[in-house]
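> just the structure for this:
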Amino acid sequence: MAYKKTAALLLMTALAVTSAGCGKQAVDSAAKPVQEAAPVQKTQNQAPVIVAPLTGLPVDAEITDRVVMVMINNHSKARPQSGLDQADVVYEMLEEGLITRFMAFYQSKSPEVVGPVRSIRPYNIEIGQGFDAILSHAGGSVAALSIIRDGGYADMDEIYAYPKAYWRDKSRKAPHNLYTSIEKLRKGAEEKGYRLGGEVPVFRFRKESDSVQGEPGTKIKIQYSKRNTAGYEYDPDTKQYKRFTAGKPHMDKETGKQLTATNVLVIASQHRTLDSEGRLEIDTMGPGEGYLFQRGQALKITWERKDGAIRAYQNGVEMPLYPGTTWVNVVPTTPTLADHLTFE
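Model (predicted):
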């Protein structure tokens, strides 16, 4: 798999062919390789169907917008959050204090309220860079801010870069009350002269009618730490995994509905504590072990971050995703994966 240049999709749609061009396109600090156009599904005797690059779901027109990544708080006082239900992809990783934060990636949808927004760490930047994303956050560790300052990223830091894209919700107490919107972030990115189009990781997608064979995986429990647990329960009627946090349904504040995921990837990654504050170094490259949960089945996989994204493999072959949202849960390797993940 490789990056696809979304701008090429318009040409593909107009010509109804499946060729693509190669070349170079600059990012904010350095050039990245340009690959083929965004995914197109084609059925017999029908025109190609345009799909969203990160979800594989049909869309009315090609998506050329650059991906936006928002750092979202998962402290108990920050729940329920807003806008996670409209993210194409969500990564959940530990921060100091052994609580998690979310990296929510937006391209096909633009929620009006997203948050609460919190600070960023170097491993968040690494993953965000893989998506060529505009980075939304409120400050960060010294190491993270140094990386952003020296790397020429499309930075929308609320503290140091563009506070106009953010507001405080007076019904909550700081620091759990900072919010943004994807529209405000895109407008700010334009004002700051950042590229508005970008490159995205390209994923393989299954047909909706495809079946998978694995172990039973309808109930998932993830133990990040004693302070933080997550879970998913498969609903065969909707073919979605319902999200739980701290043993309770994980709801969206704006809609009042429970969060869901089509694909759930749980991977074990090396974590190292750096200082007395508990700041972490987390391996985002792999390889490592994990499980991919789809359609109530648990598939034993290995993982690596290739071509911008963490991907699941079996016998060296990338595992395709079902069209829909994907949640990636990153847990420590120690003591073992089994100490952090149970399912039935």
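> against residue 329, how distant is the nearest residue to residue 87 once chain neighbours are set aside?
Nearest non-adjacent residue to residue 87, counting by Cβ to Cβ, 6 or more residues apart in numbering: residue 104, 3.9 Å away. C-beta coordinates here come from the backbone N, C-alpha and C atoms, glycine included. Distance of residue 104 to residue 329, computed by Cβ to Cβ, to the nearest Å: 14 Å.
> ok, residue 181 next?
Distance from residue 181 to residue 329, counting by Cβ to Cβ: 26 Å.
> so what pLDDT did residue 44 get?
pLDDT for residue 44: 59.
> no wait, residue 20
So, for residue 20, pLDDT stands at 38.
> verify the contact between residue 216 and residue 295 for me.
No: using Cβ atoms under 8 Å, residue 216 is not in contact with residue 295; the gap is 11.1 Å.
> if you count surrounding residues, which of these two has more?
residue 295 (20 against 11; other Cβ atoms under 10 Å).
> got a list of what that one touches?
Contacts for residue 295 (Cβ atoms under 8 Å, 6 or more residues apart in numbering) come out as 211-212, 234, 239, 322.
> repeat that for 10 Å
Listed by Cβ atoms under 10 Å, 6 or more residues apart in numbering, the contact partners of residue 295 are 206, 210-214, 217-218, 234, 236, 239-241, 262-263, 322.
> ditto for residue 280
93-96, 98, 121-123, 141, 271-274, 332.
> at 7 Å instead, please
Taking Cβ atoms under 7 Å, 6 or more residues apart in numbering as the criterion, residue 280 is in contact with 94, 96, 271-274.
> I'd guessed residue 114 sits against residue 181; true?
Yes: counting by Cβ atoms under 7 Å, residue 114 touches residue 181, with 6.2 Å between them.
> so which strand or helix has residue 167?
Here residue 167 sits within strand 166-168, counting by DSSP states H and E.
> off-centre distance for that strand?
How far strand 166-168 lies from its chain's middle: 23 Å, per Cα atoms, centre = their mean, to the nearest Å.
> show me what the helix or strand following that strand is packed against.
Next helix or strand after strand 166-168 toward the C-terminus (DSSP H and E): strand 178-180. Contacting strand 178-180 under the criterion 3 or more Cβ pairs under 7 Å, 6 or more residues apart in numbering; DSSP states H and E are the following elements: strand 166-168.
> which elements pack onto the strand it packs on?
When contacts are defined as 3+ Cβ pairs under 7 Å, 6+ apart, strand 166-168 packs onto strand 178-180.
> hmm, back to that, of the contacts of residue 295, grab the buried ones for ChimeraX.
Entered in ChimeraX, the line below selects the buried ones among these, by 16 or more other Cβ atoms under 10 Å:
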select :206,212,214,217,218,234,240,241,262,263,322
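> just flag the most distant two among the contacts of residue 295.
Using Cβ to Cβ, these reach their maximum pairwise distance at 213 and 240, which is 19.6 Å.
> from the contacts of residue 295, which ones fall inside strands?
Here DSSP state E is the test, and those give 234, 240-241, 263 as lying in strands.
> let me know the closest of those residues to residue 224.
Lowest distance from residue 224 to the ones in strands among the contacts of residue 295 (Cβ to Cβ) belongs to residue 241, with 17.1 Å.
> across the sheet, point out what pairs with the closest one.
Note on residue 241: beta-bridge partners residue 234, residue 261, judged by DSSP bridges.
> just checking, it touches residue 232?
Yes: if you go by Cβ under 7 Å, residue 241 and residue 232 touch, sitting 3.9 Å apart.
> please enumerate the shared neighbours of these two.
Common contact partners of residue 241 and residue 232 (Cβ under 7 Å, 6+ apart): 261, 264, 293.
> from residue 147, how far out is the second one?
In this structure, residue 264 lies at 29 Å from residue 147, with Cβ to Cβ as the measure.
> those two: which is more packed in?
Legend: neighbour count by other Cβ under 10 Å for residue 264 and residue 147, higher for residue 264 (26 against 18).
> ok, now how distant is the residue lying closest to residue 262 once chain neighbours are set aside from residue 113?
Closest residue to residue 262 apart from its sequence neighbours, by Cβ to Cβ, 6+ apart: residue 324 at 2.7 Å. Distance of residue 324 to residue 113, given as Cβ to Cβ: 22 Å.
> next: residue 65.
For residue 65, the distance to residue 113 - Cβ to Cβ - is 18 Å.
> can you check residue 340 too?
32 Å.
> ok, residue 225 - contacts?
Contacts of residue 225 by Cβ under 7 Å, 6+ apart are residue 98.
> so residue 227 sits against residue 96, correct?
No: the pair residue 227 and residue 96 does not pass the contact test of Cβ under 7 Å, sitting 11.7 Å apart.
> between those two, which one's more packed in?
Shown here are residue 227 and residue 96; by other Cβ under 10 Å, residue 96 has more neighbours (15 against 12).
> neighbouring strands for the longest strand that the chain contains, and are they parallel or not?
Identified as the longest strand of the chain according to DSSP E is strand 297-306. Here strand 297-306 is paired, per DSSP bridges, with strand 215-216 (antiparallel), strand 288-294 (antiparallel), strand 309-314 (antiparallel).
> which outside residues touch the longest one?
Taking Cβ under 7 Å, 6+ apart as the criterion, the residues outside strand 288-294 that touch it are 212, 217, 220, 232, 241, 263-269, 298-303, 312, 319, 322, 333, 337, 341.
> now residue 67: how far from residue 78?
For residue 67 relative to residue 78 (Cβ to Cβ), the value is 23 Å.
> alright, calling it a day.
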